[in-house]
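Undergrad: Sequence and predicted structure below; questions after.
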Amino acid sequence: MRDHETSDLTALWDAPDGSLCRLTFTVKRIGGRLELVGFELRSLSDRPVRAAWLRTLKLEAEFEQAREAELSRDERLIDLGLEREAQRVRRTPEDLERVVHVYRELWRDGSTAPTRDTAKALGLRYHQAAKLIQRCRREGLLPTTQRGIARGATEAEQ
């Protein structure tokens with residue numbers, strides 16, 4: 001990122017009521033340092049965002065954590081000579097658990113297109129969400145399914 005170009009960093013945040021939210025930090029490189037110039041708080045469960053949540057949100061700490069995670073990942077890859085890999089997103093087991101949580105919640109709430117809705121909730125493109133959901137199924141985090149039939153719970157849970 002060049003000076004004065006904006007970019008977004010995202011982080012997941014657990015709201016006081018246990019709802020999962022996405023924080024999007026808009027940053028700008030000013031004088032060689034990433035500076036926060038805006039943010040958005042969005043509920044991933046279609047529950048309303050409460051004004052009281054803002055009083056509990058430790059914005060600076062959440063931003064610093066998201067910034068450090070992004071910088072340290074890219075710096076490690078660049079140090080290894082993998083500049084192109086620094087542009088690719090690596091999914092951790094925690095990321096997959098978040099995908100499962102959002103997908104199951106949407107499925108249980110009656111979503112007719114939980115993959116599409118998961119993509120929207122997590123700020124992903126449809127095919128990215130579909131691949132992550134497929135990976136979750138392959139790893140046993142979500143039940144297997146037939147093409148075109150959504151399943152968010154195992155038979156024992158139904």
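TA: Yep, it's here.
Undergrad: helix/strand/coil for Val49?
TA: coil (DSSP: H, G, I helix; E, B strand; the rest coil).
Undergrad: Which residue comes closest to it once chain neighbours are left out?
TA: Ser43 (5.2 Å; C-beta to C-beta, 6 or more residues apart in numbering). For every residue, glycine as well, the C-beta is placed using N, CA and C.
Undergrad: Can you give me the distance of Arg33 to Arg67?
TA: Arg33 is 10 Å from Arg67, where distance means C-beta to C-beta, to the nearest Å.
Undergrad: Out of the two, name the residue with the larger neighbour count.
TA: More crowded of Arg33 and Arg67, by other C-beta atoms under 10 Å: Arg67, with 18 against 10.
Undergrad: Need the pLDDT of the more buried one.
TA: Arg67 carries a pLDDT value of 75.
Undergrad: do the same with Glu157
TA: 51.
Undergrad: for Glu94, same thing?
TA: Confidence for Glu94, expressed as pLDDT, is 83.
Undergrad: buried sites along the helix or strand hosting it?
TA: Assigned by DSSP states H and E, Glu94 belongs to helix 93-108. Neighbour counts over helix 93-108 (16 or more other C-beta atoms under 10 Å) mark 95-96, 98-107 as buried.
Undergrad: Among the residues you listed, which one lies nearest to Arg138?
TA: Arg138 lies nearest to Leu96 out of the buried residues of helix 93-108, by C-beta to C-beta, at 10.4 Å.
Undergrad: Test my guess that that closest one contacts Gln134.
TA: No: counting by C-beta atoms under 8 Å, Leu96 stays clear of Gln134, with 11.1 Å between them.
Undergrad: Show the low-confidence segments of the protein, by residue range.
TA: Residue ranges of the chain with pLDDT under 70: 1-4, 34, 71-90, 148, 151-158.
Undergrad: Nearest to the middle of it, which residue? Look it up for me.
TA: Leu122 (4.8 Å; C-alpha atoms, centre = their mean).
Undergrad: what about the strands in the protein?
TA: For the chain, the strands defined by DSSP state E cover 6-14, 20-30, 33-43.
Undergrad: Packing partners of the shortest one?
TA: The one in question is strand 6-14. strand 20-30, helix 59-79 (3 or more C-beta pairs under 8 Å, 6 or more residues apart in numbering; DSSP states H and E).
Undergrad: from the ones you listed, which stretch is densest packed?
TA: Neighbour counts (mean count of other C-beta atoms under 10 Å) averaged over each of the helices and strands packed on strand 6-14 peak at strand 20-30, with a mean of 17.
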